[in-house]
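Visitor: Quick one, what's the 3D model for this:
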Amino acid sequence: MAHLRELDPAASPLDYFGYELRRKREEAGLTQRELGAVVFCTGSLVGQIETTQKVPTREFAERVDAALGTDGSFSRLVGLVLRCQLPTWFQAYAEMEARATSISTYQAQMIYGLLQTEAYAFAVLATGLPDRLDELVAARMERQRLLARERPPLTWVVLDEAALLRPVGGPEVMREQLAHLLSFRDRKWVRIQVLPFDAGEHASLIGSFNALRFDDHPDLVYTEDMISGHMTANPETVREAALRYAHLQASALSVEDSAALITRVMEERYGHEPGPDERAVA
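Guide: Modelled structure (predicted):
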């Protein structure tokens with residue numbers, strides 16, 4: 001009989017997930033292959049998740065809950081598991097982000113993480129040459145669930161025009177990404193403005209930043225450098241960030257004009273290019 005790796009359920013959320021998955025599966029009298037057949041995956045994948053060699057997805061957790069009758073316990077746990085896949089230096093910010101009642105962000109180079117499509121996020125995160133790219137992408141997608149809550153944070157996003165024009169992942173990925181931005185027009189708690197190149201010099205030439213507000217915690221400002229992130233509640237820094245953000249919003253296009261620009265870039269820069277069989281023949 002193959003040796004089963006013994007997990008310490010207190011070691012990490014991932015270990016706890018694997019430990020509980022094996023325990024509940026065995027209680028149900030199912031082999032890994034049998035459970036895999038029920039949740040539409042291989043028995044090998046079930047075994048890898050049980051031994052923490054693979055990180056479960058939310059879809060996997062929800063299917064396991066349905067298959068084993070575990071009343072949503074795995075679906076609730078997987079959020080913590082995925083959050084722990086984020087870089088260690090980012091996890092504290094992610095926890096505060098999830099508690100925020102208001103998020104204001106200026107992004108100078110790329111689309112804001114909470115608004116990224118999976119394909120765009122994959123292309124962005126791949127530039128860091130991580131060992132577990134799939135897990136990082138899954139963790140970023142999990143963060144975005146806060147925008148789908150019953151009471152999501154009011155989210156103001158100012159994107160530099162450069163973020164629209166930089167072809168991250170290629171034309172198809174960008175076309176999907178810009179269409180995704182436009183899908184937020186009907187969500188009153190998300191407002192997207194574009195800071196056009198015509199604005200010239202502006203209040204945050206130094207780079208991107210996020211400002212978080214809370215009902216029960218001092219406001220925070222978050223910035224990143226090449227290596228890690230920095231979060232502060234220093235009142236002077238928070239006031240300076242608020243002033244700079246007000247100037248950025250004043251210099252940016254209106255929400256409506258921003259949507260028009262995003263649409264134009266999507267159609268003109270990343271629109272459908274006819275293949276050889278579709279081009280007119282002289």
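Visitor: Setting aside sequence neighbours, what's the nearest residue to residue 95?
Guide: residue 83 (7.5 Å; Cβ to Cβ, 6 or more residues apart in numbering). C-betas here are computed from N, CA, C, even on glycine.
Visitor: what sits against the one you found?
Guide: With Cβ atoms under 8 Å, 6 or more residues apart in numbering as the criterion, the residues that contact residue 83 are 91, 94, 95, 139, 142, 143.
Visitor: could I get those as a markdown table with neighbour count?
Guide: A markdown table is the format used below for the contacts of residue 83 (neighbours: other Cβ atoms under 10 Å):
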| residue | neighbour count |
| --- | --- |
| 91 | 15 |
| 94 | 20 |
| 95 | 11 |
| 139 | 24 |
| 142 | 20 |
| 143 | 20 |
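Visitor: Which of the residues you listed fall in helices?
Guide: Residues from the contacts of residue 83 lying in helices, with DSSP state H as the criterion: 91, 94, 95, 139, 142, 143.
Visitor: Surely residue 98 touches residue 146?
Guide: Yes - taking contacts as Cβ atoms under 8 Å, residue 98 lies within contact range of residue 146: 5.5 Å.
Visitor: between those two, who's got more neighbours?
Guide: Just comparing residue 98 and residue 146: by other Cβ atoms under 10 Å the higher neighbour count belongs to residue 146, 17 against 14.
Visitor: Can you give the contact residues for the longest helix anywhere in the chain?
Guide: Counting by DSSP H, the longest helix found in the chain is helix 235-251. Residues from elsewhere that reach helix 235-251, judged by Cβ under 8 Å, 6+ apart: 104, 106, 156, 158, 193, 195, 199, 202-204, 209, 211, 218-221, 232.
Visitor: Recalculate using a threshold of 10 Å.
Guide: Taking contacts as Cβ atoms under 10 Å, 6 or more residues apart in numbering, the residues outside helix 235-251 that touch it are 104-106, 156, 158, 160, 191, 193, 195-196, 198-204, 206, 209-213, 218-223, 230, 232, 234.
Visitor: how about the CA coordinates for it, as CSV?
Guide: Once side chains and other backbone atoms are set aside, the C-alpha atoms of helix 235-251 remain, and they are given as CSV (Å, rounded to 0.1, in the frame of the first residue of the first chain):
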residue,chain,number,x,y,z
PRO,A,235,-2.1,60.9,8.8
GLU,A,236,0.1,63.2,6.7
THR,A,237,0.7,60.6,4.1
VAL,A,238,-3.1,59.8,4.0
ARG,A,239,-3.9,63.5,3.6
GLU,A,240,-1.3,63.9,0.8
ALA,A,241,-2.6,60.9,-1.0
ALA,A,242,-6.2,62.2,-0.8
LEU,A,243,-5.1,65.6,-2.2
ARG,A,244,-3.2,64.0,-5.0
TYR,A,245,-6.1,61.8,-5.8
ALA,A,246,-8.5,64.7,-6.0
HIS,A,247,-6.2,66.4,-8.5
LEU,A,248,-6.0,63.2,-10.5
GLN,A,249,-9.8,62.9,-10.7
ALA,A,250,-10.1,66.5,-11.7
SER,A,251,-7.6,66.0,-14.6
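Visitor: Now find how far off-centre the helix or strand following it is within its chain.
Guide: The helix or strand immediately downstream of helix 235-251 is helix 255-268, counting by DSSP states H and E. Between the mean C-alpha point of helix 255-268 and the mean C-alpha point of its chain there is a distance of 23 Å (Cα atoms, centre = their mean, to the nearest Å).
Visitor: Helix 255-268 packs against which elements?
Guide: Applying 3 or more Cβ pairs under 10 Å, 6 or more residues apart in numbering; DSSP states H and E, one finds that helix 255-268 makes contact with strand 154-160, helix 161-165, helix 171-182, strand 190-195.
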